[in-house]
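Chemist: Need a 3D model of the following:
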Amino acid sequence: MKDVTELGYKVRSSRELSKFYDDKGVDILDDPEGGTKFPHHIQCKSTSTRVKYEELFNKFTLKDKPLVIIHKFTKKAVTNFTSLGEYVIMSKQTYYDLINKV
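Modeler: Presented below is the predicted three-dimensional model:
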């Protein structure tokens, strides 16, 4: 969430704001107090196993904004997890829409 706010968007966690969106698989929401609206629904994953992205996209039912998954891939170390990389996963159409705006 910190990365999104550093981009200038005012967002908050769905757990804080809306059980409805949390239950739908959205982890980061626009802040209702205003600011620039974020153009995507964001689902965050932090795992040491591979995520089945196609399942997440197929069961996602909200249609007002495209889904973007932010995945922190981790490895179990002796006492904690270390990051192997952070990735953004989106549909090809969402990617094309994004680069067409640039």
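Chemist: From now on I want contacts and neighbour counts done on CA atoms only, so please keep to that.
Modeler: OK.
Chemist: which residues are in contact with the host helix or strand of Ser83?
Modeler: Ser83 is located in strand 81-90, with elements delineated by DSSP states H and E. Contacts with strand 81-90, where a contact means CA atoms under 8 Å, 6 or more residues apart in numbering, come from 53, 67-76.
Chemist: Give me the most central residue, the protein.
Modeler: Central residue of the chain (CA atoms, centre = their mean): Ile42, 2.6 Å from the mean position.
Chemist: My understanding was that that one contacts Asp27; is that so?
Modeler: Yes - counting by CA atoms under 8 Å, Ile42 touches Asp27, with 5.9 Å between them.
Chemist: looking at the protein, which residue lies furthest from center?
Modeler: Farthest-from-centroid check, the chain (CA atoms, centre = their mean): Val78, 28.1 Å.
Chemist: Sketch out the helices for the chain, chain order is fine.
Modeler: Secondary structure of the chain by DSSP state H: the helices cover 2-6, 14-17, 19-23, 53-59, 92-101.
Chemist: Reformat the ones you listed as CSV; add distance to Phe38, mean pLDDT and mean neighbour count.
Modeler: Formatted as CSV, the helices of the chain follow (distance: least, CA to CA, whole Å; pLDDT from 0 to 100; neighbours: other CA atoms under 10 Å):
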stretch, distance to Phe38, mean pLDDT, mean neighbour count
helix 2-6, 9, 86, 10
helix 14-17, 14, 85, 16
helix 19-23, 15, 88, 14
helix 53-59, 19, 94, 11
helix 92-101, 13, 95, 10
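Chemist: No further queries at this time; thank you.
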